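# Provided below are the primary sequence and the corresponding predicted coordinates.
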Amino acid sequence: MAKKVLVVDDALFMRNLIKSILTKNGYEVCAEGANALEGVELYKKFKPDLVTLDIVMPKMEELDGISAVKNIMALDQKANIVVVSALAERRLVEEALSYGAKDFVVKPFTAEKLLEVVHRVLGDGV
Amino acid sequence: MDKSYRDLFFAESTEYLKDVNKHLVSLEKNPHDDEAINNIFRLMHTLKGMAATMRFVDIAEVAHKLEDAFDSFRTKKIELTPAVMDIVFSVIDIFTVLVEDAKEERESKVDVDACIKSIESILPGSGIVIQGKSAQSVTTKVDQLSAASITQYKTEGKSVLHIEVSFVKTCAMRSVRAFLVLNRVRDLAILLKVSPSEANLKNEDLEGNLELIVATVNDKQKIKSEIEKIYEVEKANITDFEAPTAEKIIRKDVGMSTMKKIQSMRIPVERLDKIMNLMGELSIAKSRLLQISQAKEYGQLDTISSFMGRLVSSLQDEALKLRLLPISFVLDNFPRMVRDLSRQMGKDIEMEIAGSDIELDRAILDEIGDPMMHLIRNSIDHGIESPAERLAAKKPREGKIAIKVFREKGHIIIEISDDGKGVDANKVLEKARKNGIITAEEGKDFDKAKVLDILTMPGFSTKEEVTDISGRGVGLDVVRTKLDMLGGRLEMDTQQGKGTTFVLTLPLTLAIIKAMLVGLGKELYAIPLMNIRETVKLSVSDIKMVKDMEVIRLRDEIIPVVRLAKELGTVESYADDDQLSVVIVEGRAKSMGFIVDKVISEQDVVVKPLGAFLKRVKGITGATILGDGRVVLILDVVNVK
């Protein structure tokens, strides 16, 4: 059975890009969230195998990317979160990793890069 | 706190630390040297009290811990094993750095907590207990002291590894990758050191590789594969980590560093009392003089002037003694330096010092440390062979460097000898010829005694390969220049395969020298006796011409002569049938004769430096005033021509 991925990003373009890369390579994108709040709610609902999470998103009810990481980790200690970030957000990425995010990709990224990170996090072999 | 107290504190603590090091070196040789242990214990106790008074909290605390440690050695609660000894050495080094930092009033980079922890690790009942992540905040700080904790980890059955992680070229946010690596490694090992530090990783992106030192029970392969599972990690190189010795971390520049100048000195009260006493008598004499002049009792002048003359010369003697310090001031630095350097080079060297209580003028002491260090370093570097070579040459495994200081005929002699491989004169000559320092022809005449002259020629030593072959020559010209400056002499005696001895001859003081007064026309000049080999009387016909040089033949030696009057631009006053007085002077490479009108007498002269505007006059080092008020120039004969 294909592994389920939740894609959280405020930009539709990025969601589409990630979704197309993943589905073409055998993953199922079970849901898409456009902000941190949606991300957390969708996580509860779908219990995906992996989440790609844009670390910089507009705040929604006091929730930003970092708090999304914290909340998801609180829901599920084994959650596999891959942070998506721009080069300038090094500190945020570090913070996210310190809260338990598993890995990160830096925008702009290639399909191979994203897949490689996802493979590794899910232990799908290299 | 008053500045004078500060100065006193630093002057004394520097002295005490020197003593501590001296005792440590002897303790290392003989761990049962109770006297050394007691001495260090006492010194640490004193240092602790001094530092606490000055409110140098860190220094006081480290001293306190060291005092505890030595108390435990004293009462035999802890055995002084080599491992413990290493820790003690490194802590003393750190302690020295702390004192230096406080002196320079700069913020210390020394991690006092780690330092104290490492002392505690050897104290009874308080071994380092580091388990899991809780101790990381401490252990990641460990820097200078990893040597101490490493020993500890090893005894706990952990291996200490060095890990170098490289990332792929396209890796973005390397420092965040590094962060992931750290997280992964933390699950497998205890991080002892991270380079760049975690704080640096947070502040700026990583450019090169990430280096870690960890303690772990896991095997290398497992850690390697775990790290390489991380995305964008190119490779993890894992090797066993060798405990860095303190000297590698702190004393990298040991032996290269220069000696510190003496800034303050302790003077025995007795000497000051003597001076005060003489001053008292002098003022009595002054009142008496006043009396005589008021009462016009001029017949008394003779008595009073001879009395005052005696007083003044005693006063001068005493004042000069104030400048004297025992040479141990310099020598005490050497045992520790020799220990550190020889360890670094993998050699076994024993140091012997004799005559360290001989007193020298402070100004000379200030200058002599560096040249001596140079020569000792040379001996360690090039003179003494490696243990294997020594054994092969049927010599004792342990090399020996001996320093002997003694007085001889108004001079101080310092002998620095090693029992190493000696200097190969032929190779030196060959090389000098190759480098064009001497011509092939000159090379033929050079006997072995002149090898030192070649070695000390500027330019000889700069060629690296020369030192490799000859084993000597590193900056020897600097040593010689320094000695010339001090009015001293450098000699060398070397026997291939047996060793080398350098002999430094120094004046007792720079303020008063023995000099020969010579007359040139109406002028008088002084030539330092130190430079004079002999004086001879010749007739003008004894002067021969070789090429365009005037020379004389003295016994079997051809010596070039210089007409001093001509050289100094005064008038020659001898006629052709005159008997000539020639002063033979030991020059740099050859002896040289100076033709003077007459040789007058030998006497002590007080050297007065020339003013700054005359400092660079070639051939003149200073001036002196004779009893009759005449000013006489002192010649720097080595450089007159």
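Structure received. Residues are numbered from 1 along each chain as shown, chains lettered A, B, ... in the order given.
# show the model's pLDDT score for residue 111.
Looking at chain A here, since you left the chain open. Note on A:A111: pLDDT of 88.
# chain B is the one I meant
At B:D111, the pLDDT value in this model is 75.
# also the one 10 residues further on?
At B:S121, the pLDDT value in this model is 76.
# I figured it hits B:V84, correct?
No: assessed by CB atoms under 8 Å, B:S121 is found out of contact with B:V84, at 9.3 Å. Heads up, the C-betas are built off the backbone N, CA and C, glycines and all.
# which SS state does residue 10 fall under?
I went with chain A, as the question did not name one. Here A:D10 is recorded as coil under DSSP: H, G, I helix; E, B strand; the rest coil.
# chain B was what I was after
Going by three-state DSSP: B:F10 is helix.
# next one: B:G208
Classification of B:G208 using three-state DSSP returns coil.
# any idea how many residues pack against it?
11 (other CB atoms under 10 Å in any protein chain shown).
# before we move on, what about B:S264?
That count, for B:S264 with other CB under 10 Å as the rule, works out to 11.
# from B:A52, how far off is B:E15?
18 Å (CB to CB, to the nearest Å).
# show me what from the stretch 151-300 of chain B comes close to chain A.
For the stretch 151-300 of chain B, the residues in contact with chain A (CB under 8 Å from any CB of the partner chain) are B:A172, B:M173, B:S175, B:V176, B:F179, B:L180, B:N183, B:K202, B:D205, B:K229, B:I230, B:Y231.
# most surrounded residue in those?
Counting by other CB under 10 Å, top hit in those: B:V176 with 28 neighbours.
# for the residue in the stretch 301-450 of chain B positioned nearest to chain A, grab phi and psi.
Minimum separation of the stretch 301-450 of chain B from chain A (CB to the nearest CB) falls at B:Q344, amounting to 40.1 Å. Backbone torsions for B:Q344, taken as degrees, to the nearest 10, come to phi -60, psi -30.
# so what pLDDT did it get?
pLDDT recorded at B:Q344 is 78.
# swap in B:L27?
With respect to pLDDT, B:L27 has a value of 86.
# where does chain B come near chain A, residue by residue?
Applying CB under 8 Å from any CB, one finds that chain B approaches chain A through B:A172, B:M173, B:S175, B:V176, B:F179, B:L180, B:N183, B:K202, B:D205, B:K229, B:I230, B:Y231.
# residues in contact with the helix or strand hosting B:E61?
Element membership for B:E61, per DSSP states H and E: helix B:57-74. Residues outside helix B:57-74 that contact it (CB atoms under 8 Å, 6 or more residues apart in numbering or on different chains) are B:13, B:34, B:37-38, B:40-41, B:44-45, B:47-48, B:51-52, B:78, B:80, B:88, B:91-92, B:94-95, B:98-99, B:102, B:108, B:110, B:112, B:115-116, B:119-120, B:122-124.
# okay, now B:R177: neighbour count?
Counted with other CB under 10 Å, B:R177 comes out at 25.
# the host helix or strand of it: what's the following helix or strand?
Applying DSSP H and E as the criterion places B:R177 in helix B:174-186. With elements assigned by DSSP H and E, the helix or strand that comes after helix B:174-186 is strand B:190-195.
# between helix B:174-186 and that next one, find me the angle.
Orientation check (axes from the mean of the first three to the mean of the last three CA atoms, to 10 degrees): strand B:190-195 against helix B:174-186 gives 160 degrees.
# strand partners of strand B:190-195, parallel vs antiparallel please.
strand B:210-216 (antiparallel) (DSSP bridges).
# for the strand it pairs with, the distance to its chain's centre please.
37 Å (CA atoms, centre = their mean, to the nearest Å).
# other residues contacting that strand?
By CB under 8 Å, 6+ apart, strand B:210-216 touches B:146, B:149-150, B:153, B:158-165, B:167, B:178, B:181-182, B:185, B:188-196, B:223, B:241.
# closest one of the residues of chain B next to chain A to B:D542?
Here the nearest of those to B:D542, counting by CB to CB, is B:D205; it sits at 82.1 Å.
# and the helix holding B:R177, what does it pack against?
In terms of contacts (3 or more CB pairs under 8 Å, 6 or more residues apart in numbering or on different chains; DSSP states H and E), helix B:174-186 is packed against helix A:90-98, strand B:159-167, strand B:190-195, helix B:198-203, strand B:210-216, helix B:220-228.
# can I get the ones you listed in TSV with distance to B:T509?
Listed next are the helices and strands packed on helix B:174-186 as TSV, based on distance: least, CB to CB, whole Å:
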stretch	distance to B:T509
helix A:90-98	66
strand B:159-167	54
strand B:190-195	52
helix B:198-203	54
strand B:210-216	53
helix B:220-228	64
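# how about those, which one is nearest B:L290?
Of all the helices and strands packed on helix B:174-186, the one in closest proximity to B:L290, counting by CB to CB, is helix B:198-203 (75.7 Å).
# can you give me the strands in chain A?
A:4-8, A:28-33, A:50-54, A:81-86, A:103-107 (DSSP state E).
# need the ones you listed in a markdown table (columns: distance to B:G369, mean pLDDT and mean neighbour count).
Formatted as a markdown table, these follow (distance: least, CB to CB, whole Å; pLDDT from 0 to 100; neighbours: other CB atoms under 10 Å in any protein chain shown):
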| stretch | distance to B:G369 | mean pLDDT | mean neighbour count |
| --- | --- | --- | --- |
| strand A:4-8 | 70 | 94 | 24 |
| strand A:28-33 | 74 | 92 | 19 |
| strand A:50-54 | 65 | 94 | 26 |
| strand A:81-86 | 59 | 90 | 23 |
| strand A:103-107 | 57 | 88 | 22 |
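# mind telling me which of the helices and strands packed on helix B:174-186 the model trusts least?
Among the helices and strands packed on helix B:174-186, helix B:198-203 scores lowest, with a mean of 74.
# and residue 21, what is it in contact with?
With no chain named, the answer covers chain A. With CB under 8 Å, 6+ apart, A:I21 has these contacts: A:A111, A:L114, A:L115.
# oops, I was thinking of chain B
Applying CB under 8 Å, 6+ apart, the residues near B:N21 are B:I92, B:D332, B:N333, B:P335, B:R336.
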